[in-house]
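In: Quick one, structure for this:
(chains A and B)
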Number of protein chains: 2
Amino acid sequence: MNDFEFHSPTRFVFGKGAERRTGELVRAFGGTRVLLHFGGGSIRRNGVYDSVVAALGAAEVPFVELGGVQPNPRSTLVREGIALCRREKVDFVLAVGGGSTIDSAKAIAFGTLYDGDFADYYFGKDVKNQPHVPAALPVGTVLTIAAAGSEGSANSIINLEPGNLKRGATGDALRPRFSVLNPEFTYSLSPFQTACGLTDIFAHVVERYFTPTADVEITDELCEAVMRTVVRESARVMADPRDYGARANIMWAGTVAHNNICGVGRAQDWSSHGIEHELSAFYDCAHGAGLAVVMPAWMEYVMDTDVARFARFAARVFDVAATDPVVASRDGLSRYRAWLRSIGMPLSLSELGARVEDIPALVAKLGLKGNTLGAFRPLDEMDVTRILELAARA
Amino acid sequence: MNDFEFHSPTRFVFGKGAERRTGELVRAFGGTRVLLHFGGGSIRRNGVYDSVVAALGAAEVPFVELGGVQPNPRSTLVREGIALCRREKVDFVLAVGGGSTIDSAKAIAFGTLYDGDFADYYFGKDVKNQPHVPAALPVGTVLTIAAAGSEGSANSIINLEPGNLKRGATGDALRPRFSVLNPEFTYSLSPFQTACGLTDIFAHVVERYFTPTADVEITDELCEAVMRTVVRESARVMADPRDYGARANIMWAGTVAHNNICGVGRAQDWSSHGIEHELSAFYDCAHGAGLAVVMPAWMEYVMDTDVARFARFAARVFDVAATDPVVASRDGLSRYRAWLRSIGMPLSLSELGARVEDIPALVAKLGLKGNTLGAFRPLDEMDVTRILELAARA
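Out: Numbers count the residues shown, from 1 in each chain, chains lettered A, B, ... in the order given. Next comes the predicted model:
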C-alpha cells in the first residue's frame, strides 16, 4: 500500500426532501449572496428549481442566477459566471444539476478569486492564490444525476475554447462544502442518461481498481463492492425508473465511487477517461457513452499486463466461474460489454458518431508529446491508436 | 434506504513517517498550545513519543502533557485533563495512542469548553454550549492501534466513576480534525492486543450490518468488503506482526469500519457493544475480548429474526456454501467463532474472568428500565440475560 492522504470533508445530506435544507446549508457555510448555477432548463420542468429557490427564500439568502451549462461544460460560460460573481459580490456558488454544472460551478468559484485566466489551473500552471493552495469561493451542490461524482470530489473538468481541449483541475478548495442528494430528483432522467451515469460510476471505480500497486486488499474490496452494486441496481432501475431503492443505492454509489475512498493507497490509471475526454470534446458525445466505447477496448488492449487482476475482476464483479485466468479475464470483459449493452450503451466508435479517420487527430489532441498516459500500463501514442482501433472494431 | 447525513471531515494522513507531519497539522488546524495526551508509557518505549515531540518541536508548537490513560478510560483523568487545559490555556488536544486515549482526549476537549460537568454529555443531558451543537477544542490523533475507529469517529466512551458506568457521547465536534496513521506503529502490539483490535473492527461492521432497514445494497456491500478484508488480513498479521501490507490494510479497515461510511442509510444495532461495555466496566477486561464473547452469543440468540441476512453474512463473509438458509446461518456463526478462536480470542464468560452469578447485576447496570436495546431485534432485560447465559455456555 502506498502512503496517502484522504480528506473528504463534504457534508452529504441524503434523502427525500433533502433539498429543503439548501438555504440553511448555504448559511451554515457562510454564504450570504449566491450564484445559482444550472443547466438547460430541465430543473425548471421537474420542479427542482422551484424547490431550491423556495429553500433559499426560506433562509433569506439572496441569489443571482446563471443557467445554460451544457454537457462538456464550456469555458465561455465559466468566464461569464466569474464576471457575474465579481460584479454581484457573490460569496457562494450553488450548483443545481449534474457533473457538468458542478464542474462549471467549481471553475467559477476558483476563477472569481484568481487574479488571471481561470484556465491556467486547468493547464497545470501554478495558480496558488493563497499560501500553498488555490483558493475558491465555497461551493454547494444539489445533485440531479448520479454519474460524475463531482458532488464529492476535488475535481473539475472544463471544455476549454477555442480548440475544445477538455482539461481537469484538482484541489481541496474545489470540494463542495455540502451536497444535497435526493434520489427522487433522478426519476425523470431518460434511460440513456441513467445508463450513461451507471457507466461513468462503474468507470470511476475501474480507473482505481486496475493498479500496479500491491497489497491494497481493503480498497480492492471496496472497489468490487461498488462495482457489484452498480451492476445489480442497474437492472432494477432500467426496469423501473421510479424505484426509490435502486435510485438511492445508485446515487450513493456514485458518490462513494469518486470521493476517493475507493482509490487511496494505490496508483490510479485514468487512461480511459483521458482518451474519452478527447472523444466527447471532439464529437460532443455523452461522457458515459464515450466511456462505454473506450474502456472495454482499453481492457482488451492491456489485459495481458496483469491477467490475475482481470481474472479477479471477472470473478468478483461478474461472477465468472472459469478458473483459468486467461479464460476468466476474457469472460469478464465479455460480461462487462454485455452489461453495457444491456443498459443501452454503445460499444463501438461508429455508434458514437466517431470516425476511424479521426483517430490520428484524437491521439494528437491528447498532447502526449513523448509522455505516457496511465499507470497500470503506461500508454504511448501508438498504444492509444491501437485502443481506438479496437474500439472501432467492437 | 433511510434518509441520512454523512460528514467525515477528518484529514487522514496515512503511511510510513506520517507522524513527522504532526506539528504542521496541529498548526494547520489552529493549534498554538497543545495538550499531549497518552497512555501507559508504551509510546515512550517504542519511540512514538519521541517522534511526535520532535514533530511538535519542528513546528514550534509548545505543549503540556498528560499520560496515564488506562483502557476503559476513566473520568477522573478526564477531569484532571480539563483542569490542566484551562490552567495552561491549551487550544488543541493531541491524542497519541489507541481508542481509550482518543476517547479521553475528546472528553477533555469537550469538557474544557463546557460550563458544567463533562459527564452531563455522556449521560445524555442537553449540553449545547454553542447554538445547535456541543463545542469542543479541536482534537488530533496519532494512532498506535487499529481497533476502536475513534480516530475517524464522532464518538467517545468514558468509564464514569464512581460506579464504573461506561457511557458514550456523539457529536460532530468530537471528530478529530486530523489523524496520523502509520501502520509501523502497530508492529509492537502483542498478538492479544492485535486480535482484540481485529475483533473490535469486525464488530463495528457487524453492528451496522444487521439492520431491519431494507434496500441498502451499497452499504451491505461495503460492510462485507471490510469484514472479508479483516478476516483475510488477520491470518497474515498473526503469522507475521511486522507484515506492513497486513498492518496497513487492517489499520485503514479500522477507520473505514467506524467513520460510518458502512452505516449510513440504515438503522444500526449496537446491542453487543452496549452489553460488552458493562462487562469491561465491571471486570476491566479488554473491549475486544468482551466483544468476542458477547457478539457470537448475540448472533445465536437473534438469528431467527432474519435468517436470510445471517445466511448472506455466512456466504459473503465466510464463504459458507450451504444453500439452506438455516444451515448456512449456523455455519456462518460457527466459522465466526472459529475465526475468533484462531486469533486467540476468548469465547465464553469464564475465559473473560466473568461469573454467571454476576449476570443479574450486569443486566441491571445497562439501565434499561423497561426500555429496549438495539434495532435489529430490540432486546429487553430478559433477552440480555439469555444472551449472557449463552455466552456462559459457549
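In: Mind checking the pLDDT average for the helix or strand where A:Arg44 lies?
Out: A:Arg44 is part of helix A:42-45, with elements assigned from DSSP states H and E. Mean per-residue pLDDT for helix A:42-45: 92.
In: List the buried residues in that helix.
Out: Using 16 or more other C-beta atoms under 10 Å in any protein chain shown as the test for burial, helix A:42-45 gives A:42-43. C-beta: built from backbone N, CA, C; applies to glycine.
In: same for it, what does it pack against?
Out: Contact here means 3 or more C-beta pairs under 8 Å, 6 or more residues apart in numbering or on different chains; DSSP states H and E; on that basis helix A:42-45 packs against helix A:48-58.
In: Recalculate using a threshold of 7 Å.
Out: On a contact count with 3 or more C-beta pairs under 7 Å, 6 or more residues apart in numbering or on different chains; DSSP states H and E, helix A:42-45 meets no helix or strand.
In: what comes into contact with it?
Out: A:49, A:96-97, A:144 (C-beta atoms under 7 Å, 6 or more residues apart in numbering or on different chains).
In: Give me the subset of those lying in helices.
Out: Counted as lying in helices by DSSP state H, out of the contacts of helix A:42-45, are A:Tyr49.
In: did I read that right, A:Arg167 in a strand?
Out: Yes. Counting by DSSP: H, G, I helix; E, B strand; the rest coil, A:Arg167 is part of a strand.
In: Isn't it up against A:Leu160?
Out: Yes. With contact defined as C-beta atoms under 7 Å, A:Arg167 and A:Leu160 form a contacting pair (5.7 Å).
In: Spell out which residues are contacts of both of the two.
Out: A:Tyr122.
In: who's more crowded, these two?
Out: The residue with more neighbours, out of A:Arg167 and A:Leu160, is A:Leu160; 21 against 18, by other C-beta atoms under 10 Å in any protein chain shown.
In: got the angle between the lengthiest strand in chain A and strand B:4-14?
Out: When chain A is parsed with DSSP state E, its longest strand is strand A:4-14. Computed by axes from the mean of the first three to the mean of the last three C-alpha atoms, to 10 degrees, the angle separating strand A:4-14 from strand B:4-14 equals 170 degrees.
In: what comes into contact with strand A:4-14?
Out: Contacts for strand A:4-14 (C-beta under 7 Å, 6+ apart): A:21, A:25, A:152, A:172, A:175-181, A:252, A:255, A:259-261, A:264-265, B:3-9, B:11-15.
In: next one: the helix holding A:Arg44 to chain centre, how far?
Out: Here helix A:42-45 is found 22 Å from its chain centre; the criterion is C-alpha atoms, centre = their mean, to the nearest Å.
In: Kindly export that helix (C-alpha atoms) in CSV.
Out: Listed next in CSV are the C-alpha coordinates belonging to helix A:42-45 (Å, rounded to 0.1, in the frame of the first residue of the first chain):
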residue,chain,number,x,y,z
SER,A,42,-34.9,20.5,-17.0
ILE,A,43,-34.8,21.7,-13.4
ARG,A,44,-37.5,24.2,-14.2
ARG,A,45,-39.7,21.5,-15.7
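In: In which helix or strand does the nearest residue to A:Trp270 once chain neighbours are set aside reside?
Out: Spatially, and ignoring its direct neighbours in sequence, A:Trp270 is nearest to A:Glu207 (4.9 Å; C-beta to C-beta, 6 or more residues apart in numbering or on different chains). Assigned by DSSP H and E, A:Glu207 belongs to helix A:191-209.
In: Now do the next helix or strand after that helix: which elements does it pack against?
Out: Where DSSP H and E defines the elements, the next helix or strand beyond helix A:191-209 is helix A:217-239. Counting contacts by 3+ C-beta pairs under 7 Å, 6+ apart, helix A:217-239 packs against helix A:191-209, helix A:244-256, helix A:307-318, helix B:217-239, helix B:244-256.
In: Out of the ones you listed, which gets nearest to A:Val356?
Out: When those are compared by C-beta to C-beta, helix A:191-209 sits nearest A:Val356, at 22.4 Å.
In: so how far is that closest one from its chain's centroid?
Out: For helix A:191-209, the distance to the chain centre is 8 Å (C-alpha atoms, centre = their mean).
In: Give me the distance between A:Leu56 and chain B.
Out: For A:Leu56, the distance to chain B (C-beta to the nearest C-beta, to the nearest Å) stands at 20 Å.
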